[in-house]
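K.L.:
Give me coordinates for this.
(one chain, ligands or ions: 2)
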Amino acid sequence: ERAAEEAAGRDYMRNLNELMSKARNKKAIADWDYASNITKYNEDRMLAVALEIAEDEKEYWKETMSYLWREYEDRDLKRMFEKYSQLGTSALPEDLNERLISAVSNMQSTYAKATICDYKDKTKCDLHVEPEVTEIFAKSSDPEELKYTWLEWHRVAGTASKGNFTEYVNMDNEAAKLNGYDSVAEWWLSEYESDDSEDQFASLWAQVKPLYQQIHAYVRRHLRLKYGEKVVSAKGPIPAHLLGNIWAQTWNNVEKFTRPYPDKPDVDVTAALQAQNYTALKFFKTAEDFFTSLNLSPMPELFWERSIIEKPNDGRDMVCHASAWDFFDAEDFRIKQCTTITSAFFTTTHHEMGHIQYYLQYKDQPVVYRAGANPGFHEAVGDVIALSVATPKHLRVMGLLEDGPDDIESNINQLYKMGLEKIVFLPFAYLLDLFRYGVFRGTTTTEDYNCHYWQLREALQGVEPPAPRTEDDFDPAAKYHISADVEYMRYYISYIIQFQFHRSLCQLAGEYDEGDKTKLLSNCDIYKSAAAGEALGKMLQMGSSRPWPDAMEVLTGQRNMDASGVLEYFAPLHDWLKAENERTGEFVGWEPSTVPYC
Ligand SMILES: C=C(C[SeH])C(=O)N1CCC[C@H]1C(=O)O
Ligand SMILES: [Zn+2]
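P.N.:
Ligands and ions are numbered 1, 2, ... in the order given. Reported below is the predicted structural model:
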């Protein structure tokens, strides 16, 4: 009897995966058309398609729940039913779903259309966050210009979305409850398939916090030397507008005037890329070449035809924030990004192509399994490749860096550059969703959004706003992912596990060996390693068909996330920073901010 039931369930599931492939394809097309050309027509069509598909999914769900899948013996079949039993936002009554979709698309279009006037030329008022504001933060060292730009961007892109954000939180929490969760926080956490994910995340932070505090202290000292102690105090948090990035999430742009050994030859990768006439297309072809050097998949013809790799100059409004898209038909995969020729975008291109590679590797899975083993895995694929590309060894292979000394000082400089991207980012990524967990759970109310956000920014990141803030401001929405309802803990996890993946791949490539001090993890390049490529491909092909510890085990032999990879990679830098901060007597950590923001 049960066998017959399961056989019927198996047939049903095959059919449902086909139906869902078509539905998700239709939705992806409508979402893509809106994101790549924000017009009323495209917004209305995106909404109509989403509501139509939500109604279809409600029907499928009733049928799905009529099967006795909880008693099935076939674990795989049971897992598929379990995933489909999560209806998501389609569980909402149509009117509430419409309010949810509208609130998010209003925030998205506010963010995409937001412009500010130039500090030096107040008649030039068409500056977007990409590329103009990003470029100002990369190049300016005028504290007044940076403060003005920071305040204006947070006004036009943050404050403007406070109302829609509250509507989105209320609607999304309704959907969470209809899916059996207390709030969206628990729903997002369920993606990590452990009952103690929050504790795991906190334990990871405890492991890396000492390293972060050392690099924070070192950078604050050099910013104080540059801007003076009226602008940068000796023991307080660092003002957020001086760190080379509008969100202070990575600090690469302060590297050139804060590096440990300034007289060692340095490579300005951006200048080298521009000098060698790199184009957006060449960024993509170079990234593709790395993946094929590992015997992984090339980009399909359709990818080159349908991707948008540069900001169109037809004046349209679009979502410039880089993204990679699966159209769930096993053929159509695209990237949309407004590439500029900088080392940051060279890295981003590898990051986005990592998503596409994951889509390609799991494209033959049932559509319900076409996702990362957990959201952090999807963000880690491209970054793992970029860790090899960023090594002096690989940059020389590419002709972007002349030969130079491979001495200790150069290695510390290299680790410092990587630390400004990878260590610095950890508290930022962690706090962004600690903030939203609090909002979804109601421990942060509409009256204290901004206060709680800045309390977390000070407590974990040791940064403070460039000027007083009030609850009339809503600084969180000035970050794309908050305005676009994109979960962010995935990046925090990615920046931890990518070093576990990197270590295993380097061992497989013969580029690293724990006992061999001459093979530094930070100088490993897996380029052209078939062994590494095969192991990576095996993990990626699994998609979300198994719990993520099974996928991690396939590549690393480990079944848990831990900071051992990142701590091993940066160990020489950690030692150097501790000695340097002691030598200079720099206070490690920070005293409370004196800027009013609550
Ligand atoms: C490049 C993407 C698209 Se998935 C991105 O949003 N990233 C990649 C690094 C962290 C995060 C960010 O920009 O905030
Ligand atoms: Zn990504």
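K.L.:
near ligand 1, which residues of the stretch 351-500 of the chain show up?
P.N.:
Counting by Cβ under 6 Å from any ligand atom, the stretch 351-500 of the chain comes close to ligand 1 at 351, 491. Where you see a C-beta, it was placed from the backbone N, CA and C, and this is true even at glycine.
K.L.:
Which parts of the stretch 351-500 of the chain are helices?
P.N.:
For the stretch 351-500 of the chain, the helices defined by DSSP state H, counting those that start in this stretch occupy 375-389, 392-397, 408-422, 425-441, 449-456, 480-483, 489-508.
K.L.:
okay, those helices in JSON lines with mean pLDDT and mean neighbour count next?
P.N.:
As requested, the helices of the stretch 351-500 of the chain are exported to JSON lines (pLDDT from 0 to 100; neighbours: other Cβ atoms under 10 Å):
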{"stretch": "helix 375-389", "mean pLDDT": "98", "mean neighbour count": "25"}
{"stretch": "helix 392-397", "mean pLDDT": "94", "mean neighbour count": "17"}
{"stretch": "helix 408-422", "mean pLDDT": "97", "mean neighbour count": "20"}
{"stretch": "helix 425-441", "mean pLDDT": "99", "mean neighbour count": "22"}
{"stretch": "helix 449-456", "mean pLDDT": "98", "mean neighbour count": "22"}
{"stretch": "helix 480-483", "mean pLDDT": "98", "mean neighbour count": "24"}
{"stretch": "helix 489-508", "mean pLDDT": "98", "mean neighbour count": "25"}
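K.L.:
right, so of these, which gets closest to Thr115?
P.N.:
Taking Cβ to Cβ, helix 480-483 is the member of the helices of the stretch 351-500 of the chain nearest to Thr115, at 15.0 Å.
K.L.:
other SSEs contacting the closest one?
P.N.:
Applying 3 or more Cβ pairs under 8 Å, 6 or more residues apart in numbering; DSSP states H and E, one finds that helix 480-483 makes contact with helix 94-113, helix 425-441.
K.L.:
tell me which residues in the longest one are buried?
P.N.:
Going back to what we said before, that points to helix 94-113. Within helix 94-113, the residues that count as buried by 16 or more other Cβ atoms under 10 Å are 96-112.
K.L.:
possible to save the helices of the stretch 351-500 of the chain as a markdown table with distance to Gly9?
P.N.:
Formatted as a markdown table, these follow (distance: least, Cβ to Cβ, whole Å):
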| stretch | distance to Gly9 |
| --- | --- |
| helix 375-389 | 28 |
| helix 392-397 | 49 |
| helix 408-422 | 45 |
| helix 425-441 | 34 |
| helix 449-456 | 45 |
| helix 480-483 | 37 |
| helix 489-508 | 31 |
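K.L.:
Roughly how far does the spatially closest residue to Gln108 that is not a sequence neighbour sit from Val319?
P.N.:
Excluding the flanking residues, the one nearest Gln108 by Cβ to Cβ, 6 or more residues apart in numbering is Ala484, at 5.3 Å. Using Cβ to Cβ, to the nearest Å, we find Ala484 at a distance of 8 Å from Val319.
K.L.:
For these two, indicate the residue with more neighbours.
P.N.:
Val319 (23 against 18; other Cβ atoms under 10 Å).
K.L.:
ok, now which ones touch the more buried one?
P.N.:
35-36, 38, 108, 111-112, 336, 484 (Cβ atoms under 8 Å, 6 or more residues apart in numbering).
K.L.:
I'd like those laid out as JSON lines, including pLDDT.
P.N.:
Formatted as JSON lines, these follow (pLDDT from 0 to 100):
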{"residue": "Ala35", "pLDDT": "98"}
{"residue": "Ser36", "pLDDT": "98"}
{"residue": "Ile38", "pLDDT": "98"}
{"residue": "Gln108", "pLDDT": "98"}
{"residue": "Tyr111", "pLDDT": "98"}
{"residue": "Ala112", "pLDDT": "98"}
{"residue": "Lys336", "pLDDT": "98"}
{"residue": "Ala484", "pLDDT": "98"}
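K.L.:
which one of these is nearest ligand 1?
P.N.:
Ala484 (9.2 Å; Cβ to the nearest ligand atom).
K.L.:
Surely the closest one is in contact with Cys320?
P.N.:
No: Ala484 is beyond contact range of Cys320, at 11.8 Å (criterion: Cβ atoms under 8 Å).
K.L.:
residues from this protein in reach of ligand 1?
P.N.:
So far as Cβ under 6 Å from any ligand atom goes, the chain lies against ligand 1 at 249, 322-323, 348, 351, 491.
K.L.:
Tell me which two of those sit farthest apart.
P.N.:
Gln249 and Ser323 (17.3 Å).
K.L.:
which residues does the most centrally placed residue in the chain contact?
P.N.:
In the chain, the C-alpha nearest the mean C-alpha coordinate belongs to Tyr491, at 4.3 Å (Cα atoms, centre = their mean). Residues near Tyr491 by Cβ under 8 Å, 6+ apart: 376, 379, 425, 429.
K.L.:
just those now: which is nearest ligand 1?
P.N.:
Taking Cβ to the nearest ligand atom as the measure, ligand 1 lies nearest Glu379 of the contacts of Tyr491, at 6.3 Å.
K.L.:
was I right about that closest one contacting Met489?
P.N.:
No: with contact defined as Cβ under 8 Å, Glu379 does not count as touching Met489 (10.0 Å).
K.L.:
Dig out what the residue lying closest to Tyr359 once chain neighbours are set aside forms beta bridges with.
P.N.:
For Tyr359, ignoring the flanking residues on the chain, the nearest one in space by Cβ to Cβ, 6+ apart is Asp326 at 4.4 Å. As for beta bridges, Asp326 partners with Phe333 under DSSP bridges.
K.L.:
Pretty sure Asp31 is one of the things Asp326 touches, is it not?
P.N.:
No: if you go by Cβ under 8 Å, Asp326 and Asp31 don't touch, sitting 11.4 Å apart.
K.L.:
Send over the stretch of helix or strand Ala176 belongs to as PDB, restricted to the C-alpha atoms.
P.N.:
Per DSSP states H and E, Ala176 falls inside helix 162-178. Extracted as PDB, the C-alpha positions of helix 162-178 are listed here (Å, rounded to 0.1, in the frame of the first residue of the first chain):
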ATOM      1  CA  LYS A 162      11.400  54.000   5.700                       C
ATOM      2  CA  GLY A 163       7.600  53.700   5.200                       C
ATOM      3  CA  ASN A 164       7.900  51.000   2.500                       C
ATOM      4  CA  PHE A 165      10.300  49.100   4.700                       C
ATOM      5  CA  THR A 166       7.800  48.900   7.600                       C
ATOM      6  CA  GLU A 167       5.100  47.800   5.200                       C
ATOM      7  CA  TYR A 168       7.500  45.100   3.800                       C
ATOM      8  CA  VAL A 169       8.400  43.900   7.300                       C
ATOM      9  CA  ASN A 170       4.700  43.600   8.300                       C
ATOM     10  CA  MET A 171       3.700  41.700   5.200                       C
ATOM     11  CA  ASP A 172       6.700  39.400   5.100                       C
ATOM     12  CA  ASN A 173       6.200  38.500   8.800                       C
ATOM     13  CA  GLU A 174       2.600  37.600   7.900                       C
ATOM     14  CA  ALA A 175       4.000  35.300   5.200                       C
ATOM     15  CA  ALA A 176       6.500  33.800   7.700                       C
ATOM     16  CA  LYS A 177       3.700  33.000  10.100                       C
ATOM     17  CA  LEU A 178       1.600  31.300   7.400                       C
END
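K.L.:
For that helix, what does the pLDDT average out to?
P.N.:
Across helix 162-178, pLDDT averages out at 98.
K.L.:
Likewise for stretch 555-569?
P.N.:
97.
K.L.:
And for Asp562, the neighbour number?
P.N.:
If we define neighbours as other Cβ under 10 Å, then Asp562 has 16 of them.
K.L.:
list the contacts for the spatially closest residue to Phe81 that is not a sequence neighbour?
P.N.:
Of all residues not flanking Phe81 in the chain, Trp69 sits nearest, at 3.4 Å (Cβ to Cβ, 6+ apart). Contacts here follow Cβ under 8 Å, 6+ apart; on that basis Trp69 touches 9, 77-78, 81-82, 85.
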